[in-house]
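[1] Okay, predicted coordinates and the sequence, questions at the end:
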Number of protein chains: 4
Amino acid sequence: MGARAAVAGASGYAGGELLRVLAGHPGFAIGTLTAGSSAGTRLGAHHPHLHPLADRVLEETTAETLAGHDVVFLALPHGQSGAIAATLGDDVLVVDCGADFRLDDAGEWEHFYGTPHAGTWPYGLPELPGARERLRSTRRIAVPGCYPTVSLLALFPAYAAGAAEPDAVVVAASGTSGAGRAAKPHLLGSEVMGAMSAYAVGGLHRHTPEIAQQLSAVAGAPVTVSFTPTLAPMSRGILATCTAKAAPGLTAAGLREAYDRAYADEPFVRLLPEGQWPSTAMTLGANVAAVQVTLDERAGRIVAVAAIDNLTKGTAGGAVQSANLALGLPEDLGLTTIGVAP
Amino acid sequence: MGARAAVAGASGYAGGELLRVLAGHPGFAIGTLTAGSSAGTRLGAHHPHLHPLADRVLEETTAETLAGHDVVFLALPHGQSGAIAATLGDDVLVVDCGADFRLDDAGEWEHFYGTPHAGTWPYGLPELPGARERLRSTRRIAVPGCYPTVSLLALFPAYAAGAAEPDAVVVAASGTSGAGRAAKPHLLGSEVMGAMSAYAVGGLHRHTPEIAQQLSAVAGAPVTVSFTPTLAPMSRGILATCTAKAAPGLTAAGLREAYDRAYADEPFVRLLPEGQWPSTAMTLGANVAAVQVTLDERAGRIVAVAAIDNLTKGTAGGAVQSANLALGLPEDLGLTTIGVAP
Amino acid sequence: MGARAAVAGASGYAGGELLRVLAGHPGFAIGTLTAGSSAGTRLGAHHPHLHPLADRVLEETTAETLAGHDVVFLALPHGQSGAIAATLGDDVLVVDCGADFRLDDAGEWEHFYGTPHAGTWPYGLPELPGARERLRSTRRIAVPGCYPTVSLLALFPAYAAGAAEPDAVVVAASGTSGAGRAAKPHLLGSEVMGAMSAYAVGGLHRHTPEIAQQLSAVAGAPVTVSFTPTLAPMSRGILATCTAKAAPGLTAAGLREAYDRAYADEPFVRLLPEGQWPSTAMTLGANVAAVQVTLDERAGRIVAVAAIDNLTKGTAGGAVQSANLALGLPEDLGLTTIGVAP
Amino acid sequence: MGARAAVAGASGYAGGELLRVLAGHPGFAIGTLTAGSSAGTRLGAHHPHLHPLADRVLEETTAETLAGHDVVFLALPHGQSGAIAATLGDDVLVVDCGADFRLDDAGEWEHFYGTPHAGTWPYGLPELPGARERLRSTRRIAVPGCYPTVSLLALFPAYAAGAAEPDAVVVAASGTSGAGRAAKPHLLGSEVMGAMSAYAVGGLHRHTPEIAQQLSAVAGAPVTVSFTPTLAPMSRGILATCTAKAAPGLTAAGLREAYDRAYADEPFVRLLPEGQWPSTAMTLGANVAAVQVTLDERAGRIVAVAAIDNLTKGTAGGAVQSANLALGLPEDLGLTTIGVAP
């Protein structure tokens, strides 16, 4: 039968992607679907690509509608997860795709999100050192942000190996689905097609402290992050170009070895053959990150590039990967690393 | 274990999509992969999205390399399938994604393709009247062209019901992957992004006689087709807008009923709720056609619109659907109707 | 100095394109710019591409703010032009980019727009038979819709020459800017990129009666039009594929001659060399239509294809072309036929 | 009449853009157009958007065909400009859009281009300190690369003001037209649409030493550059995100002042109002750079972002701007800062 799973926030892009992944997953049965202002409407009005689920009707997001499930996936606006999670039993696996439980530091949370800190849950990026073990024994998972997912997968092996100085620069290009489904003029097709633009420059993006927190944990010392997000004319995908000064004495071979070691056994990260660089096209709809790294000896910098699908490995696929661990299922159950291309 | 399947022409877009579908199919084991000028190279150099198969090496396309399989999928340039097929045993299921065996009429073949006619195999569009039965008992399948697939699914119910006059107009917009992977200047990203263009106008496209042949068979009388293909700035997908004069006395309800009847039990065609019109976004990477129809009473015309992914339902997914039938497997084994969106 | 021109509705796409064209036009001086809910804001917040005008402040759209100009361009939502136009003197040239004054038939207007008919002004498509003369002596111009512009330029020579039967089929693919700037979910970049979709199918689009009215006038007899608009993943451009049964005895040479004759001296229509077909890329940002036509002898149909930039020749450029005529300026003053490509 | 100008390499994208700019320029008359393998063909076969020039025939690129012009624009593959330039008189203004004469250091040239160094010509970026004066008195101009143009405009004010440490990080996203028109599989529309990818990572791109050379000159000390180019799914435009450690004591106000000072009187650079960030959409088809800068105090880094159209300000527009200076014409003659948007 599989674990009975509810999806709260099913009308948005994260919710739709959760349903796409869950619909092909043998370990889950799709239970209640909820929404905010779209409650009462058919799922097919929002996600016509989910043909078999098109006639499902969205319910309101309440303690009652979400009760009675083994797993609840939350794909709600930031700040709404805490109250709902509090109504769910400790034996229910709650997987929060929002930001509410990602940051350790209450001050950082309040600085970037402007609301009281809800707490901290195990961080759902199994590839990070020690993360897999924590996820196997939890009933609460904070799914990483999409930019942190791709940035951390690009950079953490360098920090884990002591190969990089504690001053990282990340420039990431994201497809527009990362900005969600609320209709805003600057996200209209007419505005984004044929255009690249920068936004939240100068450390203003909320994912900045999340990246810094995790890199610092890996490095065992504070890492500062200059993070610039840019908007690319595509629906899905993030390409992150990440660079940091090389530690003294670092060699190209040593750097490669650090990445080989980090990713030798990871089912959802593909370290590309040397000379091949990531494209988001390698990852569309797949729970996979494509990673490559090099040492620019002239500039004295490590350059690591990673690509993911922001909705799959960056949100819903990553959420299910962590949920698999928490439920004692095979980590790769119901997940594919094969993208849709061209 | 599954049927052992070879893919000839694995480096192209159709070949890559066949591998994407087969890799997730429990009824097949992927055997030999062959190519033309790319023989000897790694699959990952051509299809980096197929991560688990990246280290497979492409072999030459010969009788020897293709021998010893239960199924051979041919994704070769038009005109090359006949010679290879002749080397394969009668017990081997041969599924040709090329055009070689689609046309009944040798004269039409020679007029449009300029080479001798190789013959005619059962046409792999199971939704057509009588097709499913023919496919269940064959070892040779001619996979339809992508434009015929979508055009026929839009129009055949009208002709099957006698609702349309024998003079159809089809205007279809295709993503660029339909033009294949050979590097031609007019297919460069710089040329196609931000642009719609028409080509092969005036009945010159090779899919024109294929559409006419099948509609005529359904109608039981000659149907002429004005077919105009256009190139759209997207990788995948075809949207076909199809119109024909309404037969005398046709009502909107009667038209709807004809489509309801045709598609009530079809697993891979979704007749949308009235008022909702197809988008290729509903079909990306899925073996599904989204169809809608209306009667324009002022103009006296039926207007039917269908959307598919040209590489999936339009080529590789359709090929596997027909192969499932020929092998006695469930028709929907290994195939999904859920697309990747947004 | 040039004629002093106001633009009402300057914050939208049509308004922005009017300003782009006027800013490079030696015959106009840009006067007051008005807006609805954006009144009081800087133009640069809406149209950052109009660098020299970025600090202009938008005023409210009122009789007072629009007074004192030689020319007033109206780029307002349908139904708002009549009231404003009534406040402007008979000596002021009023150029309405809205639909309000396009239709002759009050019943048709009310059927398609649902409001009382405001009247009919000379139709601003100078290429139509007799239109240029009417535009030279008017102070009121109804700028055609973008779909009618491209459809009429594709088809009218056939009807003017008696080459086509009175039953036209038009399928047009438009960039998203044609849908305007109001933020609607289905126009988000995430929804439109990578996708083609149909809408307002079955004769429901408001441009249908406009096309039929003008073709009927040219043909001297009623022409019915089956019109299907589709949305393409690009910001600008329309490609219209137009087909009609060929009149008895029509030859390819006769058809070509009709188009040669119609467009021999037209500065803003380019009949392409035989064998070359229009692409919207030929027209981006230019006041030009690219046209091609052929006779499909098997299907017995004329197929004409035309491409324009919906905002330039389809709206703002066409508006200025007609305004040039009305003001006694050279028709091509300040207008280019050179597009931006690739 | 204007200066008689030849364009060598007219069939490529840079050549086409030169013709687009020159066709609207009152100071030039377009003379001979030459090409390599396309010699003998009509310009309209390559650049159908240049309607008025469509029937021009391309000649071979030789000393003879290029003789007799006042100005020769070279848009040739790297390494071919030197031999042709040597055949042109010292009184002829030669404007090289290739790389041949950009680098001062012969060793750097040979390292990155693999051919003997041809020499160094005045660098055609008038905005750089001292450049305008050099360009006013030269008959030889090396037009900058597109990436250097945008990167230098983003960063040089910081280096000129002593605000940045000598270790710059540039990540730039380019449209595909920057890769030229040669048909290569990875530049097919099917490959690039919907995808971001990195290439030439780790200091391998040939524009790296060009950026470093110019920044070093401005800073008066060696500046190293980590440069990562990425390919974006659009035809035109580059967005460069540039960051460098802030010099000790730098304040946000001081940084702003440095950029205000650098760009106060520059006709082709628009320093945006604070809080508004560049988009390539602000620059399409225009000879303009949109620039913004901020100080990330937490990360201790300057972040400057600039957008250009790679073919206009990044190549052909910049070339004409410099040619205007060399010919004693107004610097902005025939050039617009108004882009085409949306």
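    Nice, thanks for sending it over.
[2] quick one: strands adjacent to the strand or helix carrying residue A:94?
    For residue A:94, the host element (DSSP states H and E) is strand A:93-96. Note on strand A:93-96: by DSSP bridges, its sheet partners are strand A:71-74 (parallel), strand A:140-142 (parallel).
[3] just checking, which of the ones you listed sits deepest inside the structure?
    strand A:71-74 (a mean of 28; mean count of other CB atoms under 10 Å in any protein chain shown). C-beta coordinates here come from the backbone N, C-alpha and C atoms, glycine included.
[4] Get me the contact residues on chain A for chain C.
    Within reach of chain C by CB under 8 Å from any CB of the partner chain, chain A has these residues: A:13, A:175-177, A:179, A:181, A:183-185, A:187-194, A:233-235.
[5] Which ones among those residues lie within helices?
    Residues of these located in helices (DSSP state H): A:13, A:189-192.
[6] Max pairwise distance over those: which two?
    The largest separation in these, counting by CB to CB, is between A:13 and A:190 at 19.5 Å.
[7] Spell out for me the PyMOL command that would select the buried members of the residues of chain A next to chain C.
    Buried subset of the residues of chain A next to chain C, written as a PyMOL selection, criterion 16 or more other CB atoms under 10 Å in any protein chain shown:
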select buried, chain A and resi 13+175+176+177+179+181+187+188+189+190+191+192+193+194+233+234+235
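[8] right, is the top helix by length along chain A up against chain B?
    Scanning chain A for the helix with the most residues, using DSSP H, yields helix A:146-160. No. On the criterion CB under 8 Å from any CB, helix A:146-160 is out of touch with chain B, staying 14.2 Å away.
[9] Kindly format the C-alpha coordinates of that helix as CSV.
    The C-alpha coordinates for helix A:146-160 follow below in CSV (Å, rounded to 0.1, in the frame of the first residue of the first chain):
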residue,chain,number,x,y,z
CYS,A,146,17.1,25.2,-4.0
TYR,A,147,20.1,27.5,-4.2
PRO,A,148,21.6,26.0,-1.1
THR,A,149,21.2,22.5,-2.5
VAL,A,150,23.1,23.2,-5.6
SER,A,151,25.7,25.5,-4.0
LEU,A,152,26.5,23.1,-1.2
LEU,A,153,26.8,20.2,-3.6
ALA,A,154,29.3,22.2,-5.6
LEU,A,155,31.4,23.5,-2.7
PHE,A,156,31.1,21.3,0.4
PRO,A,157,33.7,18.7,-0.8
ALA,A,158,36.3,21.5,-1.1
TYR,A,159,35.5,22.7,2.4
ALA,A,160,35.4,19.2,3.9
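[10] Could you pull up the mean pLDDT of stretch A:102-113?
    Averaged over stretch A:102-113, pLDDT sits at 97.
[11] wait, does it contact chain D?
    No. Stretch A:102-113 lies out of reach of chain D by CB under 8 Å from any CB, never closer than 10.2 Å.
[12] Could you do stretch A:195-210 as well?
    Yes. Using CB under 8 Å from any CB, stretch A:195-210 reaches chain D at A:195-199, A:201-203.
[13] Which residues belonging to that stretch are considered buried?
    By 16+ other CB under 10 Å, the buried positions in stretch A:195-210 come out as A:195-199, A:201-203, A:205-210.
[14] Many thanks, I have nothing further to ask.
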